[in-house]
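1. predicted model and sequence follow; I will ask about them next.
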Amino acid sequence: MAIRIHVDVMLAKRKMSVTELSERVGITMANLSILKNDKAKAIRFSTLERICEVLECQPGDILEYVADEEETE
């Protein structure tokens, strides 16, 4: 099971830079990079809420569940 994070897609749709999102959300560039590159193991609801607020989107616009190939067989 994997959860994919599509922050980069929403940034492109909103024509916003990673730096601007980082500043407006109050998250470090390093932590935002971890999220963007699917390296995060967890995200605080407060951070997710702030990202959604700034990007004017829903959590489902950012998060996607992808089943492992083994699970689907």
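-> Structure received.

2. what are the boundaries of the helices in the chain?
-> In the chain, the helices defined using DSSP state H lie at 7-14, 18-25, 29-36, 45-55, 59-62, 69-72.

3. what helices and strands are in contact with the longest one?
-> Right, helix 45-55. Here helix 45-55 touches helix 7-14, helix 18-25, helix 59-62, going by 3 or more CB pairs under 8 Å, 6 or more residues apart in numbering; DSSP states H and E. Using the backbone N, CA and C atoms, a C-beta is placed for each residue, glycine as well.

4. try 10 Å
-> Under the contact criterion of 3 or more CB pairs under 10 Å, 6 or more residues apart in numbering; DSSP states H and E, helix 45-55 touches helix 7-14, helix 18-25, helix 29-36, helix 59-62.

5. in it, which residues are buried?
-> By neighbour count on 16 or more other CB atoms under 10 Å, the buried set for helix 45-55 is 47-48, 50-52, 54-55.

6. from residue 22, how far out is residue 45?
-> Counting by CB to CB, to the nearest Å, the gap from residue 45 to residue 22 is 19 Å.

7. low-confidence stretches in this protein?
-> 1, 70-73 (pLDDT under 70).

8. related to what we said a few turns ago, make a markdown table from the buried residues of helix 45-55 and add distance to residue 61 to it.
-> Output for the buried residues of helix 45-55, formatted as a markdown table (distance: CB to CB, whole Å):
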| residue | distance to residue 61 |
| --- | --- |
| 47 | 15 |
| 48 | 11 |
| 50 | 14 |
| 51 | 10 |
| 52 | 8 |
| 54 | 12 |
| 55 | 8 |
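
9. cool, thanks, signing off.
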